[in-house]
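1. Prediction below, plus the sequence it came from.
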Amino acid sequence: MPKIRVELRERSYDVVVGSGILSELGKLVADEQWGRDVFIITDPLVNDLYGDEVRKGFKKRPVTLEVPRGERYKDMKAAAKLYDDLVKYGAHRDSLIITLGGGVTCDLGGFIAATYMRGIDYLPVPTTLLAQVDAAIGGKTGVNHPKCKNLIGCFYQPKAVYVDVNTIATLPARELRTGLAEVVKYGVIEDADFFKFLEANSHHLNTKAFEDEDTKRAALKLWLTIVTESVKIKARIVAKDEREAGLRMILNYGHTVGHSIESLTRYRAYNHGEAVAVGMVAAARIAQKMKLCESELVERLKGLLEKLGLPIEVEGLPAKKLIAGLAIDKKVSAGLVNFVLPEKMGKVVIRNDVPVSVIRQVLAEMGAK
């Protein structure tokens, strides 16, 4: 199984990527002697799909805590309920939290682990593509504020991350697509060859291959490569800049406008990957207007996203409110909005001098009101 090291000195850990990991999780945790008691934070659907498979591997049955599905439930109310449950079941500093699920579960569960008793160990076990290539890696934890996504949170590194790519085969088409937006991001910001690989294999990156056992096996090999390469890219960036003081900000490519879209639509109309896809196109078009990149990059990006079934337009959202949402995003520094803008495929630059007129023009061209 591929094992990618996230090098952070005394906080270093491995991301293990493979098939069939869920059933082995209890043994893996026991071998590492992590946690006197184990608490699994998950959602009802993931619990139904994988909860029994995970729990049966533990000699002492873990306590399972469910949180509602959906980005709009990643808030302080859900966090308070989890704190109450941990107190109720006697969680202590030598307990272990396992986050079993997608990005919401990873972010929320990691935040709980970071803040309960000033920090207890946790182990992300991501079951969605989005969480496997992004949310579970790098130690970003947090909850949303009604005005801004992920406004409340902290950096807190896990003991390890275990990724079972078999779970990708159970994802609905829309959930698969949302993860692919983050995968495409890695090609744009860091690896032009990876972007070419995704272009060449775009017709395979859907749920159709999972309908037959023979094609499913071949598809999972492809997904193993995609997840592994994505994790390698993110691990390299996080190792150089753990707390987003500089380089790590490039991981926010597409997220400046994307987060504003999510907040404006109250996390209902767009899922995270869809909003990021639109944000990536917006950033590329801004870069083109600022003479930072050629139109070919914009067209290649739009073409790949469309082939993957992801949106590339704003579709009637008010430009004024989208721009206002940028001002309260975490990527604002000294009153200036930081944009990650592509210069060429595989290379981006961080700029805080994007004229509002350019942003407004791009949003209008993408269908904003």
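-> It's in.
2. where does the protein dip in pLDDT?
-> The chain contains residues with pLDDT under 70 at 329-335.
3. elements contacting the longest strand along it?
-> Ranked by residue count and defined by DSSP state E, the top strand of the chain is strand 148-155. The contact analysis (3 or more CB pairs under 8 Å, 6 or more residues apart in numbering; DSSP states H and E) places strand 148-155 against helix 103-115, strand 140-145, helix 255-264. The C-beta positions use only the backbone N, C-alpha and C, and glycine is treated the same way.
4. Let me have these in a markdown table, extended by mean neighbour count and distance to residue 128.
-> Converted to a markdown table, these look like this (neighbours: other CB atoms under 10 Å; distance: least, CB to CB, whole Å):
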| stretch | mean neighbour count | distance to residue 128 |
| --- | --- | --- |
| helix 103-115 | 26 | 7 |
| strand 140-145 | 22 | 16 |
| helix 255-264 | 25 | 16 |
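5. closest to residue 277 out of these?
-> helix 255-264 (7.8 Å; CB to CB).
6. Determine which of the helices and strands packed on strand 148-155 approaches residue 18 most closely.
-> helix 103-115 (18.3 Å).
7. what are the pairing partners of the helix or strand following that closest one, and which direction each?
-> As assigned by DSSP states H and E, the chain's next helix or strand after helix 103-115 is strand 121-126. If you go by DSSP bridges, strand 121-126 pairs up with strand 96-101 (parallel).
8. For the strand it pairs with, what is the distance to the chain centroid?
-> Taking CA atoms, centre = their mean, to the nearest Å, the mean C-alpha location of strand 96-101 is offset from the chain mean by 16 Å.
9. Just the residues contacting it, thanks.
-> Strand 96-101 is contacted from outside by 25, 29, 34-35, 37-43, 46-47, 50-51, 54, 62, 91, 105-106, 108-110, 112-113, 116, 120-128, 131, 136, 159, using CB atoms under 8 Å, 6 or more residues apart in numbering.
10. I figured residue 130 hits residue 275, correct?
-> No. In this structure, residue 130 is not within contact of residue 275 by CB atoms under 8 Å, at 11.8 Å.
11. Beta-bridge partners for residue 101, please?
-> residue 126.
12. and if you look at residue 16?
-> Going by DSSP bridges, residue 16 forms beta bridges with residue 3, residue 162.
13. Against residue 228, how distant is it?
-> According to CB to CB, to the nearest Å, residue 16 and residue 228 sit 10 Å apart.
14. for residue 127, same thing?
-> Per CB to CB, residue 127 is found 17 Å from residue 228.
15. Give me the secondary structure label for residue 269.
-> Of the three states, residue 269 takes coil under DSSP: H, G, I helix; E, B strand; the rest coil.
16. what's the burial count for it?
-> Residues lying near residue 269 (other CB atoms under 10 Å) number 13.
17. And for residue 74?
-> Number of residues near residue 74 (other CB under 10 Å) recorded here: 24.
18. The closest residue to residue 362 other than its chain neighbours is in what secondary structure piece?
-> Leaving out its chain neighbours, the residue that sits closest to residue 362 by CB to CB, 6 or more residues apart in numbering is residue 285, at 4.7 Å. Element membership for residue 285 (DSSP H and E) is helix 272-289.
19. re the thing from before, look at residue 127 and residue 228 and report which has more neighbours.
-> residue 127 (28 against 21).
20. Residue 166 is in contact with the more buried one, correct?
-> No. Using CB under 8 Å as the test, residue 127 is too far from residue 166 to be in contact (9.5 Å).
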